[in-house]
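Undergrad: no sequence for this one, just the structure:
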């Protein structure tokens, strides 16, 4: 894959990578760092991509691993370091964001990939390298845990 | 169950993120992609070996199942014996669907089939999984299986490119409880559709936006595949900056009925009702799988199945090496002050018998507990079958300083041999 194809395909994934990193990170700065590092790693290690058709899921997997690494290096997260003239972006439903971020990563990632990004259960399993049955189970458990975190009525949102 | 809407959890992509992203992409173009000499030589050697072995394999067997299962061209005698011809097929007008052969090794069932269209018009084809009233089946969708959310074109040109009138496909499932040695019937459904929604080539998507059903066409391994998508947003122009593609949530909801037949029917109904396609033909094929007890075998653990180390213990529950699959299950549990995070540095390389080559296995993890505390990890090793049942399996331990999740993309994360964690699992062959 040449640089043009890589950048074209990666550019098409910009909103998706943002959302995944945003919900997988403890703070906005970590989100940016994770996406930037994932792009660099994907480009440097594109030899590990067996087929170009899997580019999207492959890049998402690298990003999730990068979020996991950043979290492991600094489990508590860091203070937001945005300059004052660049306010931290807020979603329409901050409570939903906080509830998702509060979930264990093994539940949050399948929920975000399936219910927000539209990946099939099989694709979720492939991205997270877990069996399909495990992906389905984590989705079910994740829904329950999210419902508990939000209050049952929150699931109708 | 109401669909879960998580869109409110994220803000719009901020301008500073856009700026960072474009900067990163511009940097990408200036970076060299490293290719190690060792990797290059290994690639050349692999290509030469593959070319030689592919020729030998083709000469040794015409079975497509064996070619898929044993890419090295060395199927076991037992695996060869387990391949059974079926040659059951039906024709509906210009469309035909046939099951050609199967291989059942006691737990895994592999089926090869062929779909054909003699029509001069373009048709999209996909198959269901396998259904049985007699045995418990888990659809596992191996990499070569065609899922219902993937179709192949048949019968005519598509966007001026020639399309084959025939497609040889493959479906693999697991019988977790086996078949008890008794014959059982399975059913598979072939679906031929006439596309109604426009077909969009992945290679030509830039600059177009669609928010109605489309078929996205993409290439993989020399074959064109098609996916039904509800919206396709291809770039940020035109006032819309969204995903590159989205599966239809209405179709996704239909993907969950427990029985394969219901799932297939619901999915196809959805595709027709939501404007993706018109149904041309559905062909159900039922055939009998007869377990060949004389050639079915697997392995069981003989002797110790639990190994205790200072910082963790590992208990093996299965180590199956059959004529057509390799499966090892284990649970790793932390001990003392060890956390799940510490265990994520450990990886085992599997080898059957002393002196053998490393097994090609994929590893699945299921973490129980918080990553920052004590807990356990369910490990599953899934691999290519071996020509013979081994008498033992050697697990050689490696430690990745930054954890195994980043091993493929972190050059600094070099594994270190950790022989103190090596394990030898003794096996016995059982019928």
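TA: Right, received. Where do you want to start? Computed from a predicted structure; not experimentally measured.

Undergrad: contacts and neighbour counts: CA atoms only from here.
TA: OK.

Undergrad: excluding chain neighbours, what is closest to the residue in chain A that chain B sits nearest to?
TA: In chain A, the residue that lies nearest chain B is residue A:91 (3.9 Å; CA to the nearest CA). Spatial nearest neighbour of residue A:91, excluding adjacent residues (CA to CA, 6 or more residues apart in numbering or on different chains): residue B:11 at 3.9 Å.

Undergrad: what values do phi and psi take at that neighbour?
TA: Dihedral angles of residue B:11 (phi, psi; degrees, to the nearest 10) stand at phi -80, psi 170.

Undergrad: and the most centrally placed residue in chain A, what does it touch?
TA: In chain A, the residue lying closest to the centroid (CA atoms, centre = their mean) is residue A:20, at 2.6 Å. Residues in contact with residue A:20 (CA atoms under 8 Å, 6 or more residues apart in numbering or on different chains) are A:64, A:112-113.

Undergrad: if we use 7 Å, what do you get?
TA: Residue A:20 makes contact with residue A:112, according to CA atoms under 7 Å, 6 or more residues apart in numbering or on different chains.

Undergrad: kindly report the same for residue B:285.
TA: B:89, B:187-189.

Undergrad: residue B:219 too?
TA: By CA under 7 Å, 6+ apart, residue B:219 lies in contact with A:53, B:225.

Undergrad: quick one: low-confidence parts of chain A?
TA: A:47-48, A:50, A:73-88, A:152-157 (pLDDT under 70).

Undergrad: residue ranges for the helices of it, please.
TA: A:3-12, A:14-24, A:28-44, A:55-73, A:94-102, A:105-111, A:121-128, A:132-150 (DSSP state H).

Undergrad: with chain B instead?
TA: Under DSSP H, chain B gives helices at B:15-28, B:37-60, B:64-69, B:77-82, B:249-253, B:260-273, B:340-343.

Undergrad: worst average pLDDT in these?
TA: Per-stretch averages of pLDDT across those put helix B:37-60 at the bottom, with a mean of 38.

Undergrad: and the closest residue to residue B:324 other than its chain neighbours, what is it in contact with?
TA: Excluding the flanking residues, the one nearest residue B:324 by CA to CA, 6+ apart is residue B:385, at 5.0 Å. Residues counted as contacts of residue B:385 (CA under 7 Å, 6+ apart) are B:321-326.

Undergrad: for the residue of chain A closest to chain B, list the residues it contacts.
TA: Counted by CA under 7 Å, 6+ apart, residue A:91 has contacts B:8-11.

Undergrad: got the contact list for the residue in chain B positioned nearest to chain A?
TA: Nearest to chain A, among the residues of chain B, is residue B:11, at 3.9 Å (CA to the nearest CA). Residues near residue B:11 by CA under 7 Å, 6+ apart: A:89-92.

Undergrad: what pLDDT does the model give it?
TA: 90.

Undergrad: cool, and residue B:310?
TA: Model confidence at residue B:310 (pLDDT) stands at 88.

Undergrad: phi and psi next, for it.
TA: Dihedral angles (degrees, to the nearest 10) for residue B:310: phi -60, psi -40.

Undergrad: swap in residue A:2?
TA: Dihedral pair for residue A:2: phi -80, psi 170, per degrees, to the nearest 10.

Undergrad: for it, the count of nearby residues, please.
TA: Burial measure for residue A:2: 9 neighbouring residues, criterion other CA atoms under 10 Å in any protein chain shown.

Undergrad: do the same with residue B:379
TA: Here the number of neighbours of residue B:379 (other CA under 10 Å) works out to 20.

Undergrad: next, count neighbours for residue B:303.
TA: 10.

Undergrad: I meant to write residue A:1 there.
TA: So residue A:1, with other CA under 10 Å, has 11 neighbours.

Undergrad: same check, this time on residue A:105
TA: Neighbours of residue A:105 (other CA under 10 Å): 18.

Undergrad: now do it against residue A:21, distance only.
TA: Look at residue A:105 and residue A:21: by CA to CA, to the nearest Å, they are 12 Å apart.

Undergrad: check residue A:112 too.
TA: 10 Å.

Undergrad: go on, residue A:10?
TA: Taking CA to CA, one finds residue A:10 at 14 Å from residue A:21.

Undergrad: and residue A:118, by the same measure?
TA: 16 Å.

Undergrad: so for the two, which sits in the more crowded spot?
TA: Neighbours per residue (other CA under 10 Å) separate residue A:118 from residue A:21, with residue A:21 holding more: 24 against 20.
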